[in-house]
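# One predicted model, sequence on top.
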Amino acid sequence: QVQLEESGGGLVQPGGSLRLSCAASGFTLEYYAIGWFRQAPGKEREGVLCISADDDSTYYADSVKGRFTISRDNAKNTVYLQMNSLKAEDTAVYYCARPAGSCRARVIDHWGQGTQVTVSS
């Protein structure tokens, strides 16, 4: 059974950092792309970043370029989202997901349940 479990969310002040983790199980992580998405209150879910099976990063959101990075540790079956210089507008529920193919796939096979990130002073 494929499962994705996010962790690492919380409350952080503007300008601060957080690292989110996405623990994968039920499949061999090294063969798959994994993406991070977010949904802010009252807004549609949007893509943030994706990492391919070959460790190439694809930015879905221009607003996070230069601040967020994605990485993976296949030995730990985990994908990370490092978020620096956080802004209030980054406040959202963050989800990891497995696309049906590459980072450019428009279909998502599996979603995690999400972790809340709140940026506030």
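Here it is on my side, so go on. Numbers count the residues shown, from 1 in each chain.

# Just to check, Glu89 is in contact with Ser63?
Yes. Checked against C-beta atoms under 8 Å, the pair Glu89 and Ser63 is within contact range at 7.4 Å. For the C-beta atoms, the positions are set from N, CA and C on the backbone; glycine is no exception.

# From Ala105, how far off is the most centrally placed residue in the chain?
Centroid-nearest residue in the chain: Trp36, 2.5 Å away (criterion: C-alpha atoms, centre = their mean). To Ala105, Trp36 is 15 Å away according to C-beta to C-beta, to the nearest Å.

# Same question for Ser57.
Using C-beta to C-beta, one gets 15 Å for the distance from Ser57 to Ala105.

# next one: Thr115
Here the distance between Thr115 and Ala105 works out to 23 Å (C-beta to C-beta).

# The two - which one has more neighbours?
Neighbour tally, Thr115 and Ala105, criterion other C-beta atoms under 10 Å: the higher count belongs to Thr115, 22 against 14.

# Which residue lies closest in space to the more buried one, excluding its sequence neighbours?
Excluding the flanking residues, the one nearest Thr115 by C-beta to C-beta, 6 or more residues apart in numbering is Gly9, at 3.4 Å.
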